[in-house]
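A.B. asks: turn this into a model:
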Amino acid sequence: MARKLCGQLVGAALACACMSGPLFAQSVRGQVIDSLSGNPVPRGFIVLVDREGNEVTRTLTSPDGTYSLKIAAAGEYHIRSERIGYAVVESEFFSVNTGEELVITLQVRALATRLVAVKIRGETMCGDPAEDEEFGALWIEARKALAAASWTNKQAYTHSLHRYRRVRDARRRTVTQERSWRVEGYAIQPFASITAERLALHGFVVKSGEGRYYYGPDANVLLHDSFHQTHCFKAVRGDGELAGLVGLAFEPAPNRERPDIDGVLWIDPESSELRRIEYRYTEIDLPIRDDRIGGTITFTPLSSGAWILDTWQIRAPILEYRRQIDSFGRVRSVKTLTGIGEIGGNVIAVADREGAFVYTSPDISYVSGTVHDSAGIPLAGEFVRIAGTGYTTHTDSNGDFVFKSLLHGLYAFTTATLDSLGYSAGRVEHYILPRDTSSISLSMPRLQTAQHHLCPAKGIPESQGALVGVVQDTATNEPLVGVEVTTSWRPAYEPEAKPLGTRRTRTDSTGSYVFCELPVHRRIRVEIKSNEYSTPPRELTFGETWVVMGDDAQRRGEASPYRIWKVDLLAVRR
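C.D. replies: Numbers count the residues shown, from 1 in each chain. Predicted coordinates for the structure are as follows:
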């Protein structure tokens, strides 16, 4: 015979768990309702917990607040309701040893202004942050989002991800290199760290040979006991762009000598939602302090109540030893910060097992522009790119172009010709913000300026041209410095004839090379000479009414005044 039980529940919240039916079951179902209004509470988690306090499984409540959980093994359990913005409620323990079903209704209460009223005492506590009466409420709400994100990563979702590696100039913070790619897959994790136990043992920066690996914390790491045992916590308030948020700050425990992280879990006190995590590396040897060295993680809820880690970034120092002469004339090697390396990504879209999108990124940015000559006339068909990245396009018949991307930061927009020569006149630096729509303008230089910038000794004589380009490692996309590049030329219609002439040069510190005074109406071959790398020879013919650029596509029609060829060489390690 069914019976109904109501009593005091485990936990601090005022609530009621009503049970009907036998107390022996291998599944449990029911509903979560608001204790004041009586309305169903959707978008929350029901968690099955064993007698030792371990989470066994969890599921989301449906739009009408109902849930259903299968229980695989006999034992004693209770269920817990976790809904951001609501108090945590737990049922009484029940036993499982038959195939019968248990029905439990949980009544939960909204938190109202609980987080807004958190006192910032400036006191620090080491260990489990949930044990503190005041800022423990911050951790409880942050933990809900972290646990939800960890669960979501294991579900049958298809993720579309944008990932990237980039390098920023240490001084001006401009993006100088970027490689980005798109990843799509079923049940893949957007961002995953190594285990919390390994991080506790070895630290967040691990030396390997001459290099170092910089690790960031994912949701599983932040939830793990080892992270709490090695860190201390306190409540803080945000300022500047974080004004209005409250945070749970963490730092390494005293006497922890391994490279570690300190940072803040930032929470919206009105909605109780975890917004972002910011952290910095500690106990690392750097020539100067730079707050960019660390990482950022942001979170967003799905309409179902699941949570995803939607953006992430790890920023590590790029260091070089450079020779310096002191006041006594002694030569010494000095560690110098030359750049900031970044690795990160964004979730573009998430789809469920039926293929329906449950999330699409709102952070797409649009940058449009026009390329024109020095007289202001728009130029059609011009090759435009974002320097250091794989983003390229061509102008349309009106000289206009557009980039649609997930880029974020300061970038340099150039045309292929201007970029190969390094002109500031045609190079526009622009800061791209998420969800931004902006416009820029690129201008081509005058003929004399272009010629003498590229070949300052003589310019480019009327009957000759110039060849420029960059040599890159195919595997890493890194520029190759000091590699010998050769050009040779033959009659235009006799490609196998004996060369009529050759020239040699070496790539500079950016992997670039330049040849001046090359003949027109000849078949030019360009290649590298290296014991470590090889590349197929590139051949092209330069005429007076067209120019070959980039991908060897011949741009015919109006005569080009530049007579400059751009050929990038992708080298393969032997």
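A.B. asks: pLDDT weak spots in the stretch 301-450 of the chain?
C.D. replies: 326, 329, 374-375, 416-426, 445-450 (pLDDT under 70).
A.B. asks: helices of that one, start to end?
C.D. replies: 416-421, 447-454 (DSSP state H, counting those that start in this stretch).
A.B. asks: ok, now how distant is the residue lying closest to residue 238 once chain neighbours are set aside from residue 239?
C.D. replies: Among residues not flanking residue 238 along the chain, residue 245 sits closest, at 3.9 Å (C-beta to C-beta, 6 or more residues apart in numbering). (Glycine included, C-beta is placed from N, CA and C.) Distance check for residue 245 against residue 239: by C-beta to C-beta, to the nearest Å, it reads 9 Å.
A.B. asks: the two - which one has more neighbours?
C.D. replies: Neighbours per residue (other C-beta atoms under 10 Å) separate residue 245 from residue 239, with residue 245 holding more: 19 against 9.
A.B. asks: check which helices and strands the helix or strand where residue 29 lies sits against.
C.D. replies: Per DSSP states H and E, residue 29 falls inside strand 27-34. Identification of packing neighbours for strand 27-34 by 3 or more C-beta pairs under 8 Å, 6 or more residues apart in numbering; DSSP states H and E yields strand 66-70, strand 101-108.
A.B. asks: ranking those strands by burial, who's on top?
C.D. replies: Of these, the one with the most neighbours on average (mean count of other C-beta atoms under 10 Å) is strand 101-108, at a mean of 22.
A.B. asks: centre of the chain versus the next helix or strand after that one, how much separation?
C.D. replies: Counting by DSSP H and E, the element after strand 101-108 in chain order, helix or strand, is strand 125-126. Distance of strand 125-126 from the chain centroid (C-alpha atoms, centre = their mean, to the nearest Å) equals 31 Å.
A.B. asks: could you do stretch 162-179 as well?
C.D. replies: How far stretch 162-179 lies from its chain's middle: 12 Å, per C-alpha atoms, centre = their mean.
A.B. asks: could you list the low-pLDDT ranges of the stretch 451-574 of the chain?
C.D. replies: 451-453, 458-463, 492, 495, 541-563.
A.B. asks: got the confidence number for residue 111?
C.D. replies: Residue 111 carries a pLDDT value of 74.
A.B. asks: I'd like to know how many residues surround it.
C.D. replies: A total of 21 residues lie near residue 111 under the criterion other C-beta under 10 Å.
A.B. asks: what residues does it make contact with?
C.D. replies: Residue 111 is in contact with 85, 86, 87, 141, 272, counting by C-beta atoms under 8 Å, 6 or more residues apart in numbering.
A.B. asks: out of these, which are inside helices?
C.D. replies: residue 141 (DSSP state H).
A.B. asks: would a markdown table of the contacts of residue 111 with neighbour count, pLDDT and distance to residue 572 be doable?
C.D. replies: Formatted as a markdown table, these follow (neighbours: other C-beta atoms under 10 Å; pLDDT from 0 to 100; distance: C-beta to C-beta, whole Å):
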| residue | neighbour count | pLDDT | distance to residue 572 |
| --- | --- | --- | --- |
| 85 | 19 | 85 | 56 |
| 86 | 22 | 89 | 58 |
| 87 | 21 | 87 | 61 |
| 141 | 28 | 86 | 52 |
| 272 | 24 | 83 | 54 |
